[in-house]
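Chemist: sequence unknown, structure follows:
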């Protein structure tokens, strides 16, 4: 159960550098490639001739060619040419609108008439030279909402990530959750604690002492349907915490774009954006490596949770105080999905009315 | 179709030495661990908070802690504590009674009110200093009754274990099957034959000549629902066979505890108990290694048989003379399973009557 | 949906040289072996005793012995002997008629009463000393008809086999399809073109210049239900093409025997028969190796196509001009399968009438 009329991250540009990419998003099997004009196209991964997988084909002068019998497909889903064959009668395949922005390719899997570029979130850190970004991609066999729950309740850090970013003080600081329209914010502030290993490294990376008491913050922002951006960081204690001057802190934004593949699997684009030492590429690589290891720890937990839930379909799970962020995020999702469903019913009724 | 109100071997103590163990028994996913008081607990492997797999968690001072958000679970299935959280409203999860005895952890997967320690079989060899035991565990993808059939008809040794314990004389000696209540005994005696390689080794291990004619015996005892203990051995011919004095024979008990995992898979605890040279640990290791290799030969046969039967669900299989042990064992099982089903119906009716 | 009353290639003699072979054909699990009299037998791969897989057994003096309890099976499907057991009451298992001819074992999976050796295709190249043959076997997860489509439309060579036998001129020459009863022939002739790498090698192998313009031909012959034999070759241009004298050409027959395993998987016996240099075994090996690599290129294409079609069950695929060979072949198949179905209904009715 996912929202379809929205922009999801489909892939990163490097994934379509040399050949077409096959990827399922919201149950739709797509082939994604960069066309002759440099624009990224996404089509059904199904050759209209005999059903071959177009993503096994190749690009010739920026045109997608089926690897089986050589149909050349246009970015409009129509067969543009085929050797020795008239192609007018070949039915077009489905196309998906895409946007390339912020270092990602975004796709709209739902009703293409509603695909509005203005509805893409603005990501300031992705366009500013004062910020650096590094990240990666994991495939995880779980419902995308389990990942949202995970990210909106960082209590789990103490257990799942005990050796890097976890520390007992996290669970001693109660989180506060607020809902602003379609956005949910869960904040947690810890005062006067020692920085855990990951943050000690970050302090050193920013030229700061790592063996002093700090204030730490985690501000998780869910934006429907599946983005979680988390302000995280530490500041030397007593300088204002989150609001401390740059010279006293190391902070960053944990970036999580969660793209449903199916009801029980996701493409998880994770990364970190930081606004200190933005040109230090070695630091970017080091942070990326560390984050990759930490985020991999969640995979086995979430996949086992999904197996347990799938094996116990009727079973109720609990929502405690710490789950407020996930609970509110799911409420926003439920409301938007119901609205989308209703809109699609209205459209059908309206279409029927026209016919009559 | 298995009996649920009975004691099954769940695991051996070494399997829960350092961390909780996740294991499915009779379709129930359990987490098994040794608690603070040294007693073994078995709970549903499902965290009552969000459904995480508790067996991926850890033990802190003998208490099971969920690896996701740190719920501390009591052996009574109730959440004992959680950082920053009141836990009174968290529903308890299912618990399973366990017994640790004879070198095994036993679990009762059915109605916990009926779990009666007195119903655990007495295993004399497991408590006597005159006996040594070595064994192992195999996971096999077959109905547990196919393994019972296998063990109650050792004719297969000649074919499946031709190079170790098989010999043509086995199939020439007709087995005799007797039923005593819930126990089935199939006996086979061979006179004046050469010992096959495994038994030649055992004779030497007991300081006896291995190149002389012997009498050999196999007495298979099925005890419902899934134990098969087999008296096996050889004695120098003419000294009384099974009843020969200790100085003329090498004998042992093949131990088979067959625990259903699902309808078509089992946890197979196999081993050998012997009452000669009980302190010779090198001999124990050697026998264990030999037995492990021999018993592994059954796996591919049984898994292929299961695949064949699953692919031909309506198909009748034959029961010949040699199958009497398995046939009678299945009759006992059917009777007990029907009785258990009936008892559970009675309970439901009685409960309904009370409500009225 | 396959024809059952027909001869399919089951295996090659080398596959049953030392032990019985288990193979599923048209959904029937068979054990195939060479009996005492040298004749090949095919039985259900299901021991009538307890359902063990007979192909895990062994041969003793040309008799199939079950590896579990030693039942000796006759080629008539009856249990011939069993140690210490009367076997008269053991039901016979199904048998399948076989023919060994042309270097293959052929089996008739359908109604055994209709199994007529005269209905086996005559393959002249397989019996003549003027021809040499080399080939192999691939297992492919696709409907057998996708492989027929593939072979009846060689346009795909330009894309799938671009570096060996593909060349743009193929798709420029329109194919012509004719139907003769149950046979479909699709022909394609190319004039005055350079030979692609595979054919350049073949010309050299036949002692001919490889750097001159040639005429090339592809004559695909489908014979129901699943043989595609393709006359292929090149001749130095201007000498008559397909009809050129032997001294000017290199030609061969691509041999494709497609045996359905299930609705979506096949045993694909491929090879090449040639009538030049028939005793040059090194050349046979070289061609076989080259063909094996080329034909392996089809596997991923066909398996991806099958996945796409299975994921879109209701979806129509197109038939273009180039598909005429496959389209006509499927029409022949549909007609024969319907006739077989009708015949089996008639038989049932007739049997019912007799009973009345």
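Modeler: That came in fine, so what should we check first? Because the structure is predicted, anything quoted here is derived from the model rather than measured.
Chemist: residue in the stretch 151-300 of chain A nearest to chain C?
Modeler: Chain C sits closest to residue A:262 of the stretch 151-300 of chain A, with a gap of 11.5 Å, by Cβ to the nearest Cβ. For every residue, glycine as well, the C-beta is placed using N, CA and C.
Chemist: For that residue, list each beta-bridge partner.
Modeler: For residue A:262, the beta-bridge partners under DSSP bridges are residue A:265.
Chemist: shouldn't it be in contact with residue A:29?
Modeler: No: using Cβ atoms under 8 Å, residue A:262 is not in contact with residue A:29, being 10.6 Å away.
Chemist: show me the contacts for residue A:191.
Modeler: The contact partners of residue A:191, taken as Cβ atoms under 8 Å, 6 or more residues apart in numbering or on different chains, are A:215, A:237, A:241.
Chemist: distance of residue A:171 from residue A:297?
Modeler: Distance, residue A:171 to residue A:297, by Cβ to Cβ, to the nearest Å: 17 Å.
Chemist: swap that for residue A:34, sorry
Modeler: Distance, residue A:34 to residue A:297, by Cβ to Cβ: 34 Å.
Chemist: Might you enumerate the residues of the stretch 201-350 of chain A proximal to chain B?
Modeler: Residues of the stretch 201-350 of chain A lying close to chain B by Cβ under 8 Å from any Cβ of the partner chain are A:300-301, A:304-305, A:307-309, A:311-312, A:315, A:317-318, A:320-323.
Chemist: and residue A:172, what pLDDT?
Modeler: The per-residue pLDDT reported for residue A:172 equals 81.
Chemist: quick one: low-confidence parts of chain A?
Modeler: Within chain A, the stretches with pLDDT under 70 are A:348-356.
Chemist: And the helices in it, which stretches?
Modeler: For chain A, the helices defined by DSSP state H cover A:144-152, A:157-160, A:169-172, A:197-205, A:281-311, A:324-355.
Chemist: okay, now the residue in the stretch 201-350 of chain A that chain B sits nearest to: neighbour count?
Modeler: In the stretch 201-350 of chain A, the residue that lies nearest chain B is residue A:304 (4.0 Å; Cβ to the nearest Cβ). Counted with other Cβ atoms under 10 Å in any protein chain shown, residues neighbouring residue A:304 total 22.
Chemist: That one: what's it in contact with?
Modeler: Residues near residue A:304 by Cβ under 8 Å, 6+ apart: B:52, B:53, B:56.
Chemist: And residue A:343, how far from residue A:331?
Modeler: Residue A:343 sits 19 Å away from residue A:331, going by Cβ to Cβ.
Chemist: ok, now which ones touch the closest residue to residue A:154 other than its chain neighbours?
Modeler: Nearest residue to residue A:154, sequence neighbours excluded (Cβ to Cβ, 6 or more residues apart in numbering or on different chains): residue A:218, at 5.1 Å. Contact analysis of residue A:218 by Cβ under 8 Å, 6+ apart lists A:154, A:170, A:175, A:187, A:188, A:230, A:231, A:232.
Chemist: How is chain A partitioned into domains?
Modeler: Split into domains by automatic domain parsing, chain A comes to A:8-119, A:127-336.
Chemist: so which of those domains comes closest to residue B:125?
Modeler: Nearest to residue B:125, of all those, is domain A:127-336, at 38.2 Å by Cβ to Cβ.
Chemist: Now find how far off-centre the closest one is within its chain.
Modeler: Using Cα atoms, centre = their mean, to the nearest Å, the distance from the centre of domain A:127-336 to the centre of the chain it belongs to is 13 Å.
Chemist: now stretch A:110-118
Modeler: How far stretch A:110-118 lies from its chain's middle: 18 Å, per Cα atoms, centre = their mean.
Chemist: do the same with stretch A:50-67
Modeler: On the basis of Cα atoms, centre = their mean, stretch A:50-67 is displaced by 27 Å from the centre of the chain it belongs to.
Chemist: What is the end-to-end distance of it?
Modeler: One end of stretch A:50-67 to the other measures 12 Å (Cα to Cα, to the nearest Å).
Chemist: buried sites along it?
Modeler: For stretch A:50-67, burial by neighbour count (16 or more other Cβ atoms under 10 Å in any protein chain shown) applies to A:50-59, A:63-67.
Chemist: quick revisit: what is the burial count for the residue of the stretch 151-300 of chain A closest to chain C?
Modeler: Applying other Cβ under 10 Å, we find 14 residues neighbouring residue A:262.
Chemist: Same question for residue A:76.
Modeler: Neighbourhood size, residue A:76 [other Cβ under 10 Å]: 11.
Chemist: Next: residue A:148.
Modeler: If you count neighbours by other Cβ under 10 Å, residue A:148 ends up with 25.
Chemist: residues in contact with it?
Modeler: A:222, A:226, A:228, A:258, A:326, A:329, A:330 are the contacts of residue A:148 under Cβ under 8 Å, 6+ apart.
Chemist: Repeat the analysis, applying 7 Å as the threshold.
Modeler: Residue A:148 makes contacts with A:222, A:226, A:228, A:258, A:326, A:329, as judged by Cβ atoms under 7 Å, 6 or more residues apart in numbering or on different chains.
Chemist: which of the residues of the stretch 201-350 of chain A next to chain B has the most neighbours?
Modeler: Neighbour tally across those (other Cβ under 10 Å): the maximum, 26 neighbours, falls on residue A:322.
Chemist: just checking, that residue touches residue A:153?
Modeler: Yes: with contact defined as Cβ atoms under 7 Å, residue A:322 and residue A:153 form a contacting pair (5.0 Å).
Chemist: related to what we said a few turns ago, which among the contacts of residue A:218 gets closest to residue A:44?
Modeler: Distances from residue A:44 to the contacts of residue A:218, taken by Cβ to Cβ, are shortest for residue A:230, at 34.8 Å.
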